[in-house]
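[1] what's the 3D shape of this:
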Amino acid sequence: MPLRLATLADIDSMHQLRLSVQENMLADPQRVVPAHYVPMLEKHGRGWVYELEGKIVGFAVADHSRRSIWALFVDPAFEGRGIGRALHDAMVSWLFERGSEPLWLTTEANTRAEQFYSNAGWRRGGIEANGELRFELTYGSDR
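    The predicted model follows:
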């Protein structure tokens, strides 16, 4: 199965993928570094990777401690194949198995990510101080 739980050994590949995206790029590449993934995978949440032919082509990380989506990225060469939705659904299911409180995330406006989350049942919850859109998902609204 191409979707599996992420391990610490996956971090370098996940981070390289994070740096390869063409939307929601990091303005400051030092804002997220490989060391930041460790507590997300070991302490605060859980991650998933999507592999095809031994290559990670998508990954996602859910932060249970904050009830948020920390990361969801797909290799630009593999977009439009349902990989993002499979990763999304794994995260959302896992988070709602651990509680029914709403989930949240932020993303840039006017991006494919904004449309993706809207189509997945997320609702706008305002604009953050940094200008990113805040989305919220309530239990059952993604079903």
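[2] Now do the longest helix seen in the chain: which elements does it pack against?
    Determined from DSSP state H, the single longest helix within the chain is helix 83-97. Using 3 or more Cβ pairs under 8 Å, 6 or more residues apart in numbering; DSSP states H and E, the elements in contact with helix 83-97 are strand 3-5, strand 45-52, strand 55-63, strand 68-74, strand 103-107. Where you see a C-beta, it was placed from the backbone N, CA and C, and this is true even at glycine.
[3] avg pLDDT for that helix?
    Mean pLDDT, helix 83-97: 96.
[4] Likewise for stretch 124-143?
    Regarding stretch 124-143, the rounded mean pLDDT is 85.
[5] circling back to that earlier point, of all the helices and strands packed on helix 83-97, which one is nearest Leu137?
    strand 103-107 (4.5 Å; Cβ to Cβ).
[6] Run through the neighbouring helices and strands of the next helix or strand after that closest one.
    Note on strand 103-107: by DSSP states H and E, the next helix or strand toward the C-terminus is helix 112-119. Applying 3+ Cβ pairs under 8 Å, 6+ apart, one finds that helix 112-119 contacts strand 103-107, strand 133-137.
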